[in-house]
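Peer 1: Pasting a predicted model and its sequence here:
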Amino acid sequence: MYGHYNPPFSVEQEGIAISVEKTGEQWIYRRKFGTENVEKIILGDNKRLIVNPVEPLNTPKEITPNLLIEFEKTLLLAGGAKRKIFLTFPIEIGIFIADKEEKNLQLLDVMSLVRQKFTLYGEVSNGVICKHWKSQIYPISPSPNPLQEGIMELTLRNASSDWATISKVVFSAYGMKLYYAGDVFMRARMDILNRNTAETGFELQKLSGELKSSPLKEIKARKEAFGVYSLKKLGIMPLNFYMGSGF
Amino acid sequence: MITDLAFSDTGFPISDGTVTLGSVLKFILILSFSTLFAKILSLYLRRSLKDRVSKDMGETIIKIFYYGILTIVFLSNLSLIGIDPSALLVAGGVTGIILGFASQNIVGNLVSGFFLMVERPIKIGDQVQINDVSGYVTDIRIISTHIRTFEGLLVRIPNQQVFTTNITNIVGHPVRRFEYTIRIRYSDDANAAIWLIKDLIDKEPFALLNPSPSVFVSDLGDSSVNITVRIWAPVNEWFGIKTRILWDIKQTLEENGIEIPLPQRIVRIQTDSKKVPEELVPVQEKEIESVLNYEERVLV
């Protein structure tokens, strides 16, 4: 389903039907998924639609830029250690409209096929609302459904000399960079500063493609996805998340 | 300062020079232009800060910027009207006392406005309750705070009143809790009802996982088993969820055969065991008995 489409077109996968048809002088965008029906009128020619995975923080309503991934099993990391693990994260499917040169992007529609749930990170008085996701910890890259889940390569660095007990990690969407081909991929890091605090962020460099730690994975060139948050005027939004209420 | 108008064409001799009509006009012009300039700059600043900082923070920065420019221009041009700014500093204490007495309320509101901006117990856009007024804060000015009530009315509250009274900031924390009491019949399975309610909460995205919701039997009432449901939700979403989940709970329970009982009272009439059944009583005695034993009948 992910890709670039020139109208008129129609595509259907896993119960999602997306189409753009010309009716008179105007284009009609239609999206059906389950009981959801979205219909929008597009006034403008020579446009292109881009369907790609976006940050999982736009549905059912954008109330937070933070994603909390809870580990199914608690992880213990030795002092001074650096390890790489794989997690899954939820995907939302973004449909953008752009010029043929893929400039002047505008979000047309966004949807999610996975369970939506929110949680609070921190205390009631000063915590932050986060989108919640529960993931297993994988030693090698898993193969989830790319319309529902993505793969996160997370590098854990324990800068302290103590053991770190990790059961969750929080990320800010402002720093997220998603890449996709047959799967959806994100590379992140978590730097444990002391017993109770850590900093998380994303690796922004362009991927050459392969997951080196996964011998089974084909070498493939992933495309960088257009993000909803990267379209926004960021101003002074921090790209990293400071976890000051434990992990 | 000499105030005789006969000298107005030549100027007012003062302690450190002469005030002419031209210099007064110049002072007014400078003030007018700087006000216009500050307004234009504020507009530009508002536009450039729009997507960078929150509305509340932006408005505070703009106000500090705006009044800052006016104060600097005013003080730096006081010499045009014959006032030495350094003399103001010397006379500041005395002037302050005089001003304090003369305009106690205005100064009180002004100072309160300053502290409201610094302490920030409320911000523009917050839902608050101040005294008996509930609504959204639309503006915090130097003298007064503007509230748009939930009914859409504009209420202007002097800052002194805002600062000295109890303020309930409904959105002061990121999350808040709401609660229901669900009544089920004694004949229904309370564990099943709790499971159904928990499942429903689990499906609601905005019912937070942490702090976790709690569902428990809280009371064995006169005519029902009472189940308390406590749910935490994002502060801007709680009302929508509260109204939505309550109806969902009612429907789900009913679909599963669990009913919410109407208030009821079971009345049992205990008959006298020694009393001879009406059918066996001879007609004559029956008439007498009904009169004699009238008070002895027991109603439970």
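Peer 2: Thanks, I have it.

Peer 1: Quick check: phi and psi on B:Q251?
Peer 2: phi -70, psi -40 (degrees, to the nearest 10).

Peer 1: same thing with A:T59?
Peer 2: The phi/psi pair for A:T59 (degrees, to the nearest 10) is phi -120, psi 160.

Peer 1: check contacts around it.
Peer 2: Residues near A:T59 by Cβ atoms under 8 Å, 6 or more residues apart in numbering or on different chains: A:E92, A:V110, A:M111, A:S112, A:Q116. Bear in mind the C-beta positions are built from the backbone N, C-alpha and C, glycine included.

Peer 1: try A:G244
Peer 2: With Cβ under 8 Å, 6+ apart, A:G244 has these contacts: A:G122, A:N196, A:T197.

Peer 1: List the contacts of the residue nearest the centre of chain B.
Peer 2: Nearest to the geometric centre of chain B sits B:V128, at 1.6 Å (Cα atoms, centre = their mean). Residues in contact with B:V128 (Cβ under 8 Å, 6+ apart) are B:I122, B:S134, B:G135, B:Y136, B:V137, B:I147, B:I167, B:T168, B:N169, B:I170.

Peer 1: at 10 Å instead, please
Peer 2: B:121-122, B:134-137, B:145, B:147, B:162, B:167-172 (Cβ atoms under 10 Å, 6 or more residues apart in numbering or on different chains).

Peer 1: tell me which of the residues you listed is nearest to A:P56?
Peer 2: Nearest to A:P56 among the contacts of B:V128: B:V171, at 24.9 Å, using Cβ to Cβ.

Peer 1: Wait, that closest one touches B:G135, no?
Peer 2: No. B:V171 lies out of contact with B:G135 (Cβ atoms under 10 Å); the separation is 12.0 Å.

Peer 1: returning to that earlier point: got a winner among the contacts of B:V128 for most neighbours?
Peer 2: Counting neighbours by other Cβ atoms under 10 Å in any protein chain shown, B:T145 leads the contacts of B:V128 with 27 neighbours.

Peer 1: which helices and strands sit right next to whichever strand or helix holds that residue?
Peer 2: Here B:T145 sits within strand B:144-149, counting by DSSP states H and E. Applying 3 or more Cβ pairs under 10 Å, 6 or more residues apart in numbering or on different chains; DSSP states H and E, we find strand B:144-149 packed against helix B:104-119, strand B:127-130, strand B:133-140, strand B:154-158, helix B:159-164.

Peer 1: In PDB, list the C-alpha atoms belonging to it.
Peer 2: Coordinates of each C-alpha in strand B:144-149 appear next as PDB, following Å, rounded to 0.1, in the frame of the first residue of the first chain:
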ATOM      1  CA  SER B 144      -7.800  42.700  35.100                       C
ATOM      2  CA  THR B 145      -8.300  39.100  34.000                       C
ATOM      3  CA  HIS B 146     -10.900  38.200  31.400                       C
ATOM      4  CA  ILE B 147     -12.900  35.000  31.600                       C
ATOM      5  CA  ARG B 148     -15.200  33.600  29.000                       C
ATOM      6  CA  THR B 149     -17.700  31.500  30.900                       C
END
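
Peer 1: angle of that strand against strand B:133-140?
Peer 2: Put simply, strand B:144-149 runs at 130 degrees to strand B:133-140, going by axes from the mean of the first three to the mean of the last three Cα atoms, to 10 degrees.
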